[in-house]
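K.L.:
test case, fold it:
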Amino acid sequence: MNPGGIPIFMYHSIAPLPNEATHELSVSPAAFAEQMEVLRSLGCTPLTTAQLAWHWRHPDRPLPTRPVLITFDDGYEGVHQYALPVLTKHEFASTLFLATGWLRGKYDTGGGLDTMLGWDQVRELAESGTEIGGHSHTHPQLDQLSDDALWFEVVRCKEIVTNELGTPPESFAYPYGYSSRRVRRAVRGAGFRQSLAVGNGLACRRQGPYALRRVTVRRSTEPEEFERLAEGRGLGRAFARDRVLTKGYAMVRRCRQARRKAARTRV
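P.N.:
This is a model prediction of the structure:
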């Protein structure tokens, strides 16, 4: 395991036949099971996001020798149907970040990209030991919202999870991985204790509790590549194209923000 950081794996849909909207970021049930076997064979210890943050806040309580995190974004039904039995088999911890307005039920805004979890399934996941975190309410690009809309997305998500599960979520993941200093302040102000971005790099304490990096797992992730990622090797090569695109899009986003700020000033 790379001593310079911890792999936090970011999954989305676990499905044998994903739809077009989720296909690239989906993983087949067979591939997911094989990837969990890889973690087992390497002697990895999966932690929840809250557990990792707790260890980093208490340096006198050392982490396991080979810690990793398994995280799921959005709330697709396959996490319950296909991932949960595998996680249970290995006694692996995980974290599920919910876009509360995408889930089936009374809060559904109709934005879900595929078949989403229902709240009974979320409760079963929580009871199994899966940490339930926030991922906004309607999954917007948070850094592009006004202050009021940003606050609504973060707080509404937290309120719904708290109401449904009886305990407030501690961890948050930014939709699309996008954040800014303003977004991070809002997430912290809403009471979340840590949050995850993407970045396709290893997570480490110096990133701070509100900008921890994750590693994307895709339909195209081969077993050998996954093993390298679990060992913290080859990330630069595996995600070189992603990083170039991310830098370019970051410039576009800053320009958009500046134009919106100027427009609000003129009004």
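K.L.:
low-scoring stretches of the stretch 51-200 of the chain, by residue?
P.N.:
By pLDDT under 70, the stretch 51-200 of the chain has no low-scoring segment.
K.L.:
what about the helices in it?
P.N.:
Listed in chain order, the helices of the stretch 51-200 of the chain (DSSP state H, counting those that start in this stretch) span residues 78, 84-90, 119-127, 147-165, 181-189.
K.L.:
who's Thr216 bridged to?
P.N.:
The residues listed as beta-bridge partners of Thr216 by DSSP bridges are Met10.
K.L.:
just to revisit the earlier point, who wins for proximity to Pro223 among the helices of the stretch 51-200 of the chain?
P.N.:
Closest approach to Pro223 among those (CB to CB): helix 84-90, 15.0 Å. To be clear about C-beta, it is placed using only N, CA and C from the backbone, and glycine gets the same treatment.
K.L.:
which neighbouring elements make contact with the closest one?
P.N.:
helix 29-41 (3 or more CB pairs under 8 Å, 6 or more residues apart in numbering; DSSP states H and E).
K.L.:
so what pLDDT did Lys247 get?
P.N.:
Per-residue confidence (pLDDT) for Lys247: 35.
K.L.:
mind putting the helices of the stretch 51-200 of the chain in CSV, distance to Gly5 included?
P.N.:
Formatted as CSV, the entries for the helices of the stretch 51-200 of the chain read as follows, by distance: least, CB to CB, whole Å:
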stretch, distance to Gly5
helix 78, 28
helix 84-90, 23
helix 119-127, 27
helix 147-165, 27
helix 181-189, 20
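K.L.:
can you say which of these is packed in most?
P.N.:
When you average the neighbours per residue for each of the helices of the stretch 51-200 of the chain (mean count of other CB atoms under 10 Å), helix 78 leads with a mean of 26.
K.L.:
how many residues are close by Tyr107?
P.N.:
For Tyr107, the tally of surrounding residues (other CB atoms under 10 Å) stands at 18.
K.L.:
number the residues from 20 up from this point.
P.N.:
Okay, residue one is now 20; in that scheme the one you just asked about reads as Tyr126.
K.L.:
and it, how close does it get to Val236?
P.N.:
28 Å (CB to CB, to the nearest Å).
K.L.:
the nearest residue to Arg80 once chain neighbours are set aside: how many residues sit nearby?
P.N.:
With CB to CB, 6 or more residues apart in numbering as the measure, His74 is the residue that lies nearest to Arg80, at 5.7 Å, once sequence neighbours are left out. Look at His74: counted by other CB under 10 Å, it has 18 neighbours.
K.L.:
surely His74 and Leu82 touch.
P.N.:
Yes. Taking contact to mean CB atoms under 8 Å, the distance of 4.9 Å between His74 and Leu82 places them in contact.
K.L.:
intersection of neighbour lists for those two?
P.N.:
Leu66 (CB atoms under 8 Å, 6 or more residues apart in numbering).
K.L.:
contact partners for the residue nearest to Arg80?
P.N.:
If you count contacts by CB under 8 Å, 6+ apart, His74 has them with Leu66, Arg80, Pro81, Leu82.
K.L.:
list the beta-bridge partners for the first one.
P.N.:
Read it as Leu66. Here Leu66 sits in beta bridges with Leu88, going by DSSP bridges.
K.L.:
mind listing what it touches?
P.N.:
Contacts for Leu66 (CB under 8 Å, 6+ apart) come out as His74, Leu82, Pro83, Pro86, Val87, Leu88, Ala112.
K.L.:
rerun at 10 Å
P.N.:
Going by CB atoms under 10 Å, 6 or more residues apart in numbering, Leu66 touches 25, 27, 72-74, 82-83, 86-89, 111-114, 150.
K.L.:
which parts of stretch 217-229 are buried?
P.N.:
Of the residues in stretch 217-229, those buried by neighbour count under the rule 16 or more other CB atoms under 10 Å are Val217, Gly218, Asn219, Gly220, Leu221, Ala222, Gln226, Pro228, Tyr229.
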